[in-house]
Every structure is written in C-alpha cells, then in structure tokens.
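Undergrad: After the sequence you'll find the predicted model.
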Amino acid sequence: YQSTLKQLFQEFENGGVPNSQLASVTMRIMQALQTNLDGKSKQYSDTSLTHLFLMNNIHYMVRSVRRSEAKDLLGDDWVQIHRRIVQQHANQYKRIAWTKILQSLSVQGLTSSGGGSAEGNSSGVSRSVIKDRLKTFNAQFEELHQKQSQWTVPDTELRESLRLAVAEVLLPAYRSFIKRYGPLVESGKNPQRYIRYTPEDLEHMLGEFFEGKTLNETKR
C-alpha cells in the first residue's frame, strides 16, 4: 500500500481540495486500508506472523501520516491510537511465538516427590528430565531461528525493539535455568549435547531475527 499512501499524501502538498473533504476522504481510505490488511493477514497459517504483518503495515501507515500533512487532518488521537495498535500486535507476536519455548525453562513439573536418585540430586530433580527440557528448548529455538530469520521487519527501530523485547524475557529465563540445573547435566556424559548454547550465543542469534534471510543463510 505504499503507492496508495504516497499518492494520497501528495494531494495534500498540491492543495486544491478543502480540508474538511480531505479529512473525510483520508479517514475512509485509512479504514479501507486497514480492512484490506486484516483480510490479507488471514492468509498466514502462523498466527505470530499474522501479528508481525499487521504490526509492520500499521507502523508504516502511522509513520507516513506523521511525516505528512495528514497528521493535521487525522489528528494526534488517530496517531496515538494506531501506535498503541502497533504495540498490541508486537505483544501478541511475542506471546504467541515465545510462550511455548519459555515453558521449557519453567521450574514447573521438574521436581518429583520421590526425592533424590542416582540420576538426580537432593532436590529431587531428575537429570533425564533436565536433559529432555534442554533438548526441547534447543529444538524449539533452532526452529524459531531458522523460520523467523527469514521474516522481515523493515523499520530498524521497530526491529531492534522487538528483538530486545524477546531478549528481555528469554535470556534471563535461560540464564536462570542453566545456573540452577546446568551442573546436574555437566556432571553427566556429553553435556554439550544438551547445553548447546551460551546466553551470548542466543543473544547473537536473536540479532539475526527479522532480517529476511534466505533459507540457506539461516542454516548454521
């Protein structure tokens, strides 16, 4: 919809149309664009990508309005409301895409009532359970990295803020899990099979998200 918006905002600069008429037409066009975006977003089977698509496009609309005389016609309220909508879609993306992997790092379901064992420790946490959790985390993160490195967030500031929002929930959870349960795995055989990444590795890989890479570029 870039060409539509550019053509619309060019009308403001050329003049010749009453402001009241322009405001009415502009509002209707914006509503039509949003309706079309909602329709196009439904083509994605991955709901987190749906929210990323809407976030990107509504952000572009807001930025275009703020940089043109359309801001005076639509008003600050329109801009603020749609900035909040952008943030809501970013939050929904984060919730849908990352809740499952964060469950792998949760302490829930780790302890057993049977106490320590040959494969566990005094807290009753089984080494095999920790290994399974780490294997699950590794597989899920690698899948997310491969898929979402191919996705695109064109705006630099928005892209960085989204990466930061993910890092702020993922990295502390991973550090805490490894600090608490890592020694249990490290004292067994082949710990590197399970503790595959340092927090710094994850941070670096998060920096590759939303770059629009090809599939070959995402393979490590």
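TA: Received it, and whenever you're ready, just let me know what you need.

Undergrad: low-confidence ranges in this structure?
TA: 1-19, 112-123, 217-220 (pLDDT under 70).

Undergrad: for residue 205, what are its contacts?
TA: Residues in contact with residue 205 (CB atoms under 8 Å, 6 or more residues apart in numbering) are 141, 145, 197. For every residue, glycine as well, the C-beta is placed using N, CA and C.

Undergrad: Is it part of a helix or strand, or is it coil?
TA: Using DSSP: H, G, I helix; E, B strand; the rest coil, the structure places residue 205 in helix.

Undergrad: follow-up on the earlier one: and of the contacts of residue 205, the nearest to residue 33?
TA: Set against residue 33, the nearest of the contacts of residue 205 by CB to CB is residue 145 (32.3 Å).

Undergrad: which of the contacts of residue 205 has the most neighbours?
TA: Counting neighbours by other CB atoms under 10 Å, residue 141 comes out on top of the contacts of residue 205 with 21 neighbours.

Undergrad: Surely residue 209 and residue 149 touch.
TA: Yes - judged on CB atoms under 8 Å, residue 209 makes contact with residue 149 at a distance of 5.8 Å.

Undergrad: hmm, back to that, which ones among the contacts of residue 205 are found in helices?
TA: 141, 145 (DSSP state H).

Undergrad: which helices and strands sit right next to whichever helix in the chain runs longest?
TA: If you go by DSSP H, the chain has its longest helix at helix 156-186. With contacts taken as 3 or more CB pairs under 8 Å, 6 or more residues apart in numbering; DSSP states H and E, helix 156-186 sits against helix 47-66, helix 76-103, helix 127-148, helix 199-206.

Undergrad: Mean neighbour count, those helices: which tops it?
TA: helix 47-66 (a mean of 20; mean count of other CB atoms under 10 Å).
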